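In: Please find the sequence and the predicted model below.
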Amino acid sequence: MKSVAIVGGGPAGLMAAQRLAERGWQVQLFEAQATVGRKFLVAGHGGFNLSNAEDATLFAGRYGAERARFGALLEHFSAADLRAWAADLGIETFVGTSGRIFPVAEHKPADLLRAWLGRLRELGVEINTRHRWLGFAGNMGLHLRDENAGTGMGRTFIIEPTATVLALGGASWAKTGSDGAWVPLLQEIGVPVVPFAPANCGAEVAWSAFFQEKVGRTPLKNIALRVNEGPAVRGELMLTDYGVEGTPVYALTPQVRAALVAGGPAVLHLNLKPDLPPATLLQKLRQPRGKASFPEFLKKALHLGPPIPTLLREVAPEAATLEPEALAALLTALPLPVTGLRPLDEAISTAGGIAFSAVDDKLMLRQRPGTFVAGEMLDWEAPTGGYLLQGCFSTGAWVARAISEDWRLGNR
Ligand SMILES: Cc1cc2nc3c(=O)[nH]c(=O)nc-3n(C[C@H](O)[C@H](O)[C@H](O)COP(=O)(O)OP(=O)(O)OC[C@H]3O[C@@H](n4cnc5c(N)ncnc54)[C@H](O)[C@@H]3O)c2cc1C
């Protein structure tokens, strides 16, 4: 029987395992942690956003430079396929107002993982936890350490599967097992790895101590945000003691990172009134203020209550004295200079990883025929909104098909 070794028990590895087992392969999965799917479960903490219902072209566009490749990957395993897959495991999903796809309320992430592992067991997938991949051995071999064995260094051994899938994840939230420690093992055999960088993470702004103390964590709803002169992203911004976070900030991480790498400045421009036509905004700002203080005027004319006056005092102390035109310009493009991105380990996902030049169309390593790569360990990034998990599922399904077709066609 043809055997495949899958290293890494995240969504990409588990999906590859299922699809290969369904095609009659003998599947052994090796996971360094004591349990599989740790980051998958973490992903469920803030709303378990599995995918997105938006149209295929828009969807593929979320993967930036890799949109064409992901267009094909998503065609092979789409958001609709993902929903059908979950339903087959007894987990119904729904499309939220934003187009995001979630499991229905009664299903927790752990329920989905439990049902999935049950299915894998039925299919005969052998899941070996506390088994760390240590590197390659010869042409087809894998060097592994069984950390269950004894209390010392564990037992090391070599296996020689017909094919291998590496699905070792990115390099954030190391406590879930995605520690990026695999990089030297790939570089050793000449695989180019693009340095990791935080993606979907907060941006740091040098707030004064007064602002940090007074404002703390405060959401700003219904805002628009852009980087320098780039396109605007709508959503909810969260002011934090270190700077800003939230969906629009995460979506703009690639542009912030690019501006910082280019030597800056990386300035987020915050539009506090994106729904108000410019003429209406101006008209409201031209109203006589009377005896009202500036904060009172902002509240009355534009419903801009706390913490906006404090934010204005922080980044534009002259705001209270500006003429209506200049104030309108400020309120629709309040500059927040970014000093850096949050550390890699805090990021929701990672940019960087195995360069696409290192794999062929099947996602097989050019340096090591028979070894395939799936999930976040490849060099792609996408915003939050279900695109990350869908990308992992789709690459997992893709390598499974590539492996089974490759051998069916007698290419090996
Ligand atoms: C806080 C948070 C919230 C998120 N929310 C969402 C969301 O709502 N929607 C969404 O789409 N995405 C979300 N994500 C992202 C999503 O969880 C990841 O993109 C996804 O889990 C990556 O899957 P993967 O299979 O590529 O890798 P991982 O899930 O990282 O799995 C890789 C596995 O490989 C194992 N491994 C590593 N090295 C070795 C080795 N040497 N030997 C053996 N095993 C090894 C690791 O222990 C790990 O279990 C979130 C992430 C975080 C951190």
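Out: Now that the structure is in, tell me what you want to look at. Remember, it's a predicted structure, so these values are computed and weren't measured experimentally.
In: For the ligand, give me its nearest residue in the stretch 201-350 of the chain.
Out: Nearest residue of the stretch 201-350 of the chain to the ligand: Ile348, at 4.4 Å (Cβ to the nearest ligand atom). Yep, even glycine has a C-beta here, placed from its N, CA and C like the rest.
In: Nearest residue to that residue in space, please, no chain neighbours.
Out: Asn200 (3.8 Å; Cβ to Cβ, 6 or more residues apart in numbering).
In: okay, now the residue of the stretch 201-350 of the chain closest to the ligand: neighbour count?
Out: 22 (other Cβ atoms under 10 Å).
In: quick one: contacts for it?
Out: Ile348 sits next to Ser172, Ala199, Asn200, Cys201, Tyr250, Thr384, Leu388 when contact means Cβ atoms under 8 Å, 6 or more residues apart in numbering.
In: gap between it and Arg130?
Out: Here Ile348 is placed at a distance of 26 Å from Arg130 (Cβ to Cβ, to the nearest Å).
In: Not counting its neighbours along the chain, what's nearest Val399?
Out: In space, Val399 is closest to Phe372, 4.1 Å off (Cβ to Cβ, 6+ apart).
In: Likewise for Gly385?
Out: The nearest residue in space to Gly385 (Cβ to Cβ, 6+ apart) is Asn52, at 5.3 Å.
In: Quick check: pLDDT value at that neighbour.
Out: pLDDT for Asn52: 98.
In: ok, now Arg401?
Out: pLDDT for Arg401: 97.
In: That one sits in which helix or strand?
Out: helix 387-408 (DSSP states H and E).
In: That helix: which residues count as buried?
Out: 387-404, 406-407 (16 or more other Cβ atoms under 10 Å).
In: Tell me the helices and strands packed up against that helix.
Out: With contacts defined as 3 or more Cβ pairs under 8 Å, 6 or more residues apart in numbering; DSSP states H and E, the packing partners of helix 387-408 are helix 11-22, helix 38-43, strand 51-52, helix 67-76, helix 79-88, strand 163-166, strand 371-373.
In: For Pro11, see how far away the residue nearest the centre of the chain is.
Out: Per Cα atoms, centre = their mean, the C-alpha nearest to the average position across the chain is that of Ser349, at 3.9 Å. Applying Cβ to Cβ, the value for Ser349 to Pro11 is 12 Å.
In: What residues does the residue nearest to the centre of the chain make contact with?
Out: Taking Cβ under 8 Å, 6+ apart, one finds Gly170, Ser172, Ala199, Asn200, Glu376, Glu381, Ala382, Leu388 in contact with Ser349.
In: same thing but at 6 Å, please
Out: Ala199, Asn200, Leu388 (Cβ atoms under 6 Å, 6 or more residues apart in numbering).
In: and Thr57, how many residues sit next to it?
Out: Neighbour tally, Thr57, other Cβ under 10 Å: 9.
In: can you give me the helices for the stretch 301-412 of the chain?
Out: 308-315, 324-332, 387-408 (DSSP state H, counting those that start in this stretch).
In: for the ligand, what are the nearby residues on the stretch 1-150 of the chain?
Out: The stretch 1-150 of the chain comes close to the ligand at residues 7-13, 30-33, 38-40, 42-43, 48-49, 132-133, as judged by Cβ under 6 Å from any ligand atom.
In: Which ChimeraX command selects the buried ones in these?
Out: In ChimeraX syntax, the buried subset of those is picked out as below (16+ other Cβ under 10 Å):
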select :7,8,9,10,11,12,13,30,31,32,33,38,39,40,43,48,49,132,133
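In: Give the residue spans of the stretch 151-300 of the chain that score low on pLDDT.
Out: In the predicted model of the stretch 151-300 of the chain, residues 151 satisfy pLDDT under 70.
In: Any residues of it in contact with the ligand? List them.
Out: Ala167, Leu168, Gly169, Ser172, Trp173, Gly177, Ser178, Trp182.
In: unless I'm mixing things up, Leu225 is touching Val233, no?
Out: Yes. The pair Leu225 / Val233 is scored as a contact, 5.5 Å apart, by Cβ atoms under 6 Å.
In: which of the two has more neighbours?
Out: For Leu225 versus Val233, the count of surrounding residues by other Cβ under 10 Å is larger for Leu225: 26 against 19.
In: Just the element for the more buried one, please.
Out: strand 218-227.
In: just how off-centre is that strand within its chain?
Out: Chain-centre distance of strand 218-227: 20 Å, with Cα atoms, centre = their mean, to the nearest Å.
In: who's the closest residue to Val7 other than its chain neighbours bridged to?
Out: Among residues not flanking Val7 along the chain, Trp133 sits closest, at 4.5 Å (Cβ to Cβ, 6+ apart). Here Trp133 sits in beta bridges with Leu144, as judged by DSSP bridges.
In: so which residue of the stretch 251-400 of the chain comes closest to the ligand?
Out: Closest point on the stretch 251-400 of the chain to the ligand, by Cβ to the nearest ligand atom, is Gly375, at 2.4 Å.
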